Structures are given as C-alpha cells and as structure tokens.
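1. Got a predicted structure plus its sequence, pasted below:
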Amino acid sequence: MEILARARGLNFGPFTTASRAEPRNQGFAFNWARSDAETEDLIRTGQHIGLAEQVARGEVSVAIVFIGGNDFIHALASEHPDKILDQVLRRAIANLDLAVETILKANPRVQVFVATLPNIVELPEFAVPVRSGRLSSSLAASYSQAVGRYNQHIRLMTVMKRRVSLVDLALATQLAPRPDPDHVIVAGRKLDRIHPANAGMHAFLADSRHISTLVQGMLANHVINALNARLDLRLKPLTLREVLEQIPGISPIAAREAR
C-alpha cells in the first residue's frame, strides 16, 4: 500500500501513526487491510462495512480487494491441513462474495478491482519443506489446486459483474521467467526465491511469507496498469529506480543507474 501510494494520482486518504481504532488501526484513512487477516477476519471485524460507508459518502470511488491468501496459508500450516481444505475454500469464496457485494451496493458508481492469489505453495515457508520432504508434495498440490479454484471464482466474478474488474496477480507471477528452480527474474533482476532475506536481491522477506520490495513494486505497477486499462486513469507507474531506492543493501549508484 505504501509503495503504491507513491504513484501519482492515487489518494489513500490522510496518513497517521495514531490508532484509528479497530479494525483499521493506524495508516491511510481509506486502507482497511490488516496484517495476517483472513477473509473471516474481514467479515467479522467489519472491514467491508467500513469501506462501504466511505464509498457511500463519495470518499472512495475505486476499491481494490486482495484477500484470501492467509486463509490457505494458515490452513496449510495447521495441525490437520488435509481435513479442512474444502471448508476453507468454501468459506473464503463466500466471504469474498459478501465483501464485494457490500461495496458494490454502497454506491452505483463505485468500481471494484479484485486480485487473484499467487500460489501460496511457492512461498519459502512451504516450498522449502516440500523440497526436503517435510511437507507432503501431494498435500501441497491440493492446496495449489484450491487456490486455483479460488482464482477461477474471481475471474468469473469479474466477467459476470459489470463494475468488478480483474487484477490477475496469479498470472503475473506465473509468467515471471525462472532461469532455475531457485531464482526468478523480476524487472530484469535475478532474485533468489528460496532463501528469504530483508535486503538485496531476494524475492521474499526474512519471514518466508511476504514478498520483497522489488516484487511489491512490480505488483503495484500491475495494479496501476489494470486501473489504467479499465478506467483510463493515466496513472504513472513506479520507476525501477524509485523501487530500488527503497531496498536495503542496494547502493545509491545502482539505484540511480536503474532503467
């Protein structure tokens, strides 16, 4: 969210480090996302209702919904991941539908963009245990397929609903070149996708779950491109230099020379 807010023409509302109270806490006024939240948390805490109220007041005209990954992550990391997968998938779809419908009903002019989920099994948190045999490859495949069904539901939603558009992050990550099993090419840079770290050229942060700054920047541009294509907003994407300047361990010279 923070790096996306750097793009010209986007307004996420006033920023504050003071608490806004649950379920938003601090940050941007129009940002209802919470760390580690599942779709069930979204509904339970009323994130969708709070956003819908802003939409109804005319404060927000475009909403971006990117939710569901933690549903599958938490389930796969649970004690009995094989027994709860079907339930998790059904619940995630139902919660997503409710959130999107609530936002759409708030204002007949609001536009909603829904993002697909990159495959959670490719996170180092799970990819490394699969490699070593500590996590069943068949179980991992089942979760990959479930995420795929969730994404198919999103794609169908964007076809069936007039004011709902697609941000296909899953496809974007699938199309990224992979010169070998340990690396991926992002913005012309070869990133380590197996060994997470908070600095340098790594695809994932040290927590083995969240994507690194460079990947975040490129996905932010993917969102900007989707907004431009659907709404002709003519937003200016982030430059590679802008993104690299935010990465610890990248020299200022390397950032300035980025193209």
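-> Happy to help now that I have it.

2. which residues does the closest residue to Trp32 other than its chain neighbours contact?
-> Residue nearest to Trp32 in three dimensions, not counting chain neighbours: Gln47, with 4.2 Å by C-beta to C-beta, 6 or more residues apart in numbering. All C-beta spots, glycine's among them, are computed from the backbone N, C-alpha and C. The neighbours of Gln47, taking C-beta atoms under 8 Å, 6 or more residues apart in numbering as the test, are Pro23, Arg24, Trp32, Ala33, Arg34, Ala37, Asp41, Ala99.

3. where does Gln47 land on pLDDT?
-> Looking at Gln47, its pLDDT reads 96.

4. what's the answer for the one 5 residues further on, then?
-> Per-residue confidence (pLDDT) for Ala52: 98.

5. Correct me if wrong, but it is in a helix.
-> Yes - applying DSSP: H, G, I helix; E, B strand; the rest coil, one finds Ala52 inside a helix.

6. i'd like the first residue to be 353 from this point on
-> New numbering, starting at 353: the last item is Ala404.

7. and it, how many neighbours?
-> Look at Ala404: counted by other C-beta atoms under 10 Å, it has 23 neighbours.

8. Can you give me the neighbour number for the closest residue to it other than its chain neighbours?
-> Closest residue to Ala404 apart from its sequence neighbours, by C-beta to C-beta, 6+ apart: Ala458 at 3.9 Å. Each residue near Ala458 was counted by other C-beta under 10 Å, and the total is 20.

9. Roughly how far does Glu431 sit from Leu475?
-> Using C-beta to C-beta, to the nearest Å, we find Glu431 at a distance of 19 Å from Leu475.

10. Who has more neighbours out of those two?
-> Leu475 (22 against 6).

11. next one: phi and psi at the residue lying closest to that one once chain neighbours are set aside?
-> The shortest distance from Leu475 to any non-neighbouring residue, by C-beta to C-beta, 6+ apart, is to Arg561 (5.5 Å). When read as degrees, to the nearest 10, the backbone of Arg561 gives phi -130, psi -40.

12. now Arg561: how far from Gly402?
-> 26 Å.

13. Equivalent analysis for Leu518, please.
-> Applying C-beta to C-beta to Leu518 and Gly402 gives a distance of 24 Å.

14. Flag every buried residue along stretch 456-473.
-> 456, 458-459, 462-473 (16 or more other C-beta atoms under 10 Å).

15. Repeat that for stretch 407-414.
-> Those would be Val407, Val412, Val414, for stretch 407-414 by 16+ other C-beta under 10 Å.

16. Contact partners for the nearest residue to Val519 once chain neighbours are set aside?
-> For Val519, ignoring the flanking residues on the chain, the nearest one in space by C-beta to C-beta, 6+ apart is Ala467 at 4.1 Å. Residues near Ala467 by C-beta under 8 Å, 6+ apart: Ile416, Val417, Phe418, Ile506, Val519, Asp520, Leu521, Val575.

17. Doesn't the last one belong to a strand?
-> So the one you mean is Val575. No - Val575: not assigned to a strand; according to three-state DSSP it is helix.

18. Might one say that it is in contact with Val519?
-> Yes - counting by C-beta atoms under 8 Å, Val519 is a contact partner of Val575 at 5.5 Å.

19. between those two, which one's more packed in?
-> Using other C-beta under 10 Å, the more surrounded residue of Val575 and Val519 is Val519, with 24 against 21.

20. contacting residues for the more buried one?
-> If you count contacts by C-beta under 8 Å, 6+ apart, Val519 has them with Ile416, Phe418, Phe465, Val466, Ala467, Thr468, His574, Val575, Ala578.

21. go with 10 Å
-> Contacts for Val519 (C-beta atoms under 10 Å, 6 or more residues apart in numbering) come out as 416-418, 465-468, 506, 510, 571, 574-579, 582.

22. ranges for the helices of the stretch 453-602 of the chain?
-> 476-484, 489-512, 521-527, 565-583, 592-596 (DSSP state H, counting those that start in this stretch).

23. Show the average pLDDT along the last one.
-> So the one you mean is helix 592-596. When pLDDT is averaged along helix 592-596, the result is 90.
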